[in-house]
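Engineer: Provided below for reference: sequence and predicted model.
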Amino acid sequence: MDLIIDACGWTAAVDANVNLDHALLPLVGRPTWLVPEGVREELGAIDLQRRGLLLALLDQRATVVEAPEEGLHPDDHIVDLAVQRRAATLTVDRGLKGRLIQAGCAVIEVVDGHRLRRIDP
């Protein structure tokens, strides 16, 4: 299964010290990590302001997916990619979670500040 990583989802997981490999296993198995290019850019900008986002780990593990068109908002790219690939998405963004669930896509979120939960549509 593919797992799309959103900027706020990655930040929340890092802040919660979640071992993603261990926490994701019962939820999605061993997924292929996908990061839309706009999300990677967002994380790079956030990392300039506050270090410790483990971007080296993300860059090692994830495949950056180019946007199909220039200027596409990262959330729109995430929803399109999730629908096309039938992928789950790691996010804590309420609006994005709602869009993904309406589109029939699973969401992985950080809850209680230290664990992951899967929400199926």
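Structural biologist: All right, it came through fine.
Engineer: Look up how far residue 95 lies from residue 1.
Structural biologist: Using C-beta to C-beta, to the nearest Å, residue 1 is found at 23 Å from residue 95. Placement of C-beta: from N, CA and C, glycine included.
Engineer: Could I get the full set of helices for the chain?
Structural biologist: Applying DSSP state H to the chain gives helices spanning 7-15, 20-28, 37-49, 55-61, 74-85, 94-102.
Engineer: quick check: angle from the longest one to helix 74-85?
Structural biologist: Helix 37-49 runs at 140 degrees relative to helix 74-85, counting by axes from the mean of the first three to the mean of the last three C-alpha atoms, to 10 degrees.
Engineer: what angle sits between helix 37-49 and helix 7-15?
Structural biologist: Using the same axes, to 10 degrees: helix 37-49 against helix 7-15 is 50 degrees.
Engineer: which of the helices of the chain is buried the deepest?
Structural biologist: helix 7-15 (a mean of 21; mean count of other C-beta atoms under 10 Å).
Engineer: tell me which strands and helices that one is in contact with?
Structural biologist: With contacts taken as 3 or more C-beta pairs under 8 Å, 6 or more residues apart in numbering; DSSP states H and E, helix 7-15 sits against helix 37-49, strand 88-90, strand 107-111.
Engineer: So what are the sheet partners of the shortest one and their directions?
Structural biologist: This means strand 88-90. strand 2-5 (parallel), strand 107-111 (parallel) (DSSP bridges).
Engineer: could you redo the ones you listed as JSON lines and give each row mean pLDDT?
Structural biologist: Below are the strands paired with strand 88-90 laid out as JSON lines (pLDDT from 0 to 100):
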{"stretch": "strand 2-5", "mean pLDDT": "98"}
{"stretch": "strand 107-111", "mean pLDDT": "97"}
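Engineer: Would you reformat those strands as a markdown table and include distance to residue 72?
Structural biologist: Converted to a markdown table, the strands paired with strand 88-90 look like this (distance: least, C-beta to C-beta, whole Å):
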| stretch | distance to residue 72 |
| --- | --- |
| strand 2-5 | 14 |
| strand 107-111 | 20 |
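Engineer: rewinding a little: out of the helices of the chain, the one nearest residue 117 is which?
Structural biologist: When the helices of the chain are compared by C-beta to C-beta, helix 20-28 sits nearest residue 117, at 7.9 Å.
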